[in-house]
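Novice: Sequence isn't available, so here's the structure alone:
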């Protein structure tokens, strides 16, 4: 039996690097698709890993030549580009005659839905631009999979992905607490923190590529930890060796959020000052901190055999180790 070959888009990125390592560990040959940034030396040295140019604005057919699956781990930060990137992936799959694509989606597709959420639950408005773009991308992949009974498209709806170099959920949170613009915030921070370790996401990608069911299958990928955002912030600060962060009032958080927009505009002019105000969470992020939602992962266990394996203690230690040094 020939060795499977998987093309990973965004292979040098935050999630992509972990996916490349997880595939190589399983003995799967990897086409590490990169755009500008090269793989770290330790990943380039892994057996079976080959760097290939794969800018999804104009991907070369050679990137997927001989591949058996594509894992689309490139960060879809620009909603306007997602549809074009999907079309590029379909073209690559057609040229390589492969029938399995795994994409990273997001729990943002559920909008403001609360309670326990399964994959069949409809979104609750408002669904913000990122979630709308992910929903549109999922619809494209569902249509692609439906066009040929041999095809599999698995959308991994990940929660907040955490690792040592997680900017949003580790480094930025620590900077905010050090600057006094974030911390425990009473009822505003009692939403459930939907966290998942990057390694668990990488394992989900590998299992989805290996065991992809036919058709289009969305799967929730969440760590299942039971802590609030208030608890997460306190434990993150503790792990980083910071003094206990000050408790902030909801009114103070809202005021900081209102000031963050003009502060960011001020910073863009290149003028000094206002950096603390510019970091404050606002809008959708404040709503996230209040949202009481849990994400059912039974389908991921049943369809691809995935379960979160990284303990909460390990996740917290990893997150705290990668933040900006705090004096």
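Specialist: Yep, that arrived. Model, not experiment: these values are computed from the prediction. Numbers count the residues shown, from 1 in each chain.
Novice: how is this structure carved up into domains?
Specialist: 5-165+194-226+293-310, 167-189+228-289 (automatic domain parsing).
Novice: Check those domains for me: which has the lowest mean pLDDT.
Specialist: Sorting these by mean pLDDT places domain 167-189+228-289 lowest, at a mean of 80.
Novice: mind checking the end-to-end distance for it?
Specialist: Using Cα to Cα, to the nearest Å, the end-to-end distance of domain 167-189+228-289 comes out at 17 Å.
Novice: likewise stretch 33-51?
Specialist: End-to-end span of stretch 33-51 (Cα to Cα): 6 Å.
Novice: From the rest of the structure, what touches that stretch?
Specialist: Identification of contacts with stretch 33-51 by Cβ atoms under 8 Å, 6 or more residues apart in numbering yields 3, 7-13, 17, 20-21, 24, 27-32, 52-56, 59, 63, 74. In short, each C-beta sits where N, CA and C put it, glycine included.
Novice: Generate a ChimeraX selection restricted to the buried entries among these.
Specialist: Only the buried entries of the contacts of stretch 33-51 go into this ChimeraX selection, using 16 or more other Cβ atoms under 10 Å:
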select :7,8,9,10,11,12,13,17,20,21,24,28,29,30,31,32,52,54,56,59,63,74
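Novice: quick one, strands of the chain?
Specialist: 5-9, 29-34, 49-53, 69-72, 100-106, 115-117, 152-158, 160-162, 195-197, 215-221, 293-295 (DSSP state E).
Novice: which residues sit against the first one?
Specialist: The reference is to strand 5-9. Contacts for strand 5-9 (Cβ under 8 Å, 6+ apart): 16, 19-20, 23, 28-33, 52, 54, 56, 63-64, 66-74, 89, 92, 96, 209.
Novice: if I pick the residue nearest to residue 68 when sequence neighbours are not counted, what's in contact with it?
Specialist: Nearest in space to residue 68, with sequence neighbours left out and distances taken as Cβ to Cβ, 6 or more residues apart in numbering, is residue 4 at 4.7 Å. Neighbour list for residue 4: 28, 29, 68, 69, 209, 210 [criterion: Cβ under 8 Å, 6+ apart].
Novice: Can you show me the helices along this structure?
Specialist: Taking DSSP state H as the test, the helices found in the chain are 16-25, 41-44, 79-96, 129-146, 172-179, 198-211, 229-239, 250-268, 275-278, 283-290, 298-304, 312-321.
Novice: Can you check which of those gets nearest to residue 186?
Specialist: helix 250-268 (6.0 Å; Cβ to Cβ).
Novice: so who does the residue nearest the centre of the chain touch?
Specialist: By Cα atoms, centre = their mean, the chain has its centre lying nearest to residue 161, at 4.9 Å. Residue 161 makes contacts with 14, 15, 169, 196, 197, 198, 201, as judged by Cβ under 8 Å, 6+ apart.
Novice: Please report which of the residues you listed has the highest neighbour count.
Specialist: Counting neighbours by other Cβ atoms under 10 Å, residue 201 leads the contacts of residue 161 with 28 neighbours.
Novice: so it sits right up against residue 220, yeah?
Specialist: No. Counting by Cβ atoms under 8 Å, residue 201 does not reach residue 220; the two are 11.7 Å apart.
Novice: Might one say that residue 135 is in contact with residue 127?
Specialist: Yes. Counting by Cβ under 8 Å, residue 135 touches residue 127, with 6.9 Å between them.
Novice: Name the residues contacting each of these two.
Specialist: Joint contacts of residue 135 and residue 127 (Cβ under 8 Å, 6+ apart) are residue 109.
Novice: Burial check on the closest residue to residue 203 other than its chain neighbours, number of neighbours?
Specialist: Excluding the flanking residues, the one nearest residue 203 by Cβ to Cβ, 6+ apart is residue 22, at 5.9 Å. By other Cβ under 10 Å, the residues close to residue 22 number 21.
Novice: In contact with residue 22: list those residues for me.
Specialist: Taking Cβ under 8 Å, 6+ apart, one finds 199, 202, 203, 205, 206 in contact with residue 22.
Novice: try 6 Å
Specialist: 202, 203, 206 (Cβ atoms under 6 Å, 6 or more residues apart in numbering).
Novice: again, but for residue 223
Specialist: 195, 196, 308.
Novice: correct me, but the first one touches residue 162?
Specialist: In other words, residue 195. Yes. Under the criterion of Cβ atoms under 6 Å, residue 195 makes contact with residue 162 at 5.2 Å.
Novice: of the two, who's got more company?
Specialist: residue 162 (28 against 25).
Novice: Nearest to residue 118, out of the helices of the chain?
Specialist: Taking the helices of the chain one by one with Cβ to Cβ, helix 298-304 is closest: 7.1 Å.
Novice: and that closest one, what other elements does it pack with?
Specialist: The helices and strands touching helix 298-304, judged by 3 or more Cβ pairs under 6 Å, 6 or more residues apart in numbering; DSSP states H and E, are helix 198-211, strand 215-221.
Novice: Mind doing that once more with 10 Å?
Specialist: strand 152-158, helix 198-211, strand 215-221 (3 or more Cβ pairs under 10 Å, 6 or more residues apart in numbering; DSSP states H and E).
Novice: list the contacts for the closest residue to residue 113 other than its chain neighbours?
Specialist: Counting by Cβ to Cβ, 6+ apart, residue 113 lies nearest to residue 124, which is 4.1 Å off, once chain neighbours are set aside. Shown in contact with residue 124 (Cβ atoms under 10 Å, 6 or more residues apart in numbering): 110, 111, 112, 113, 114, 115, 117, 293.
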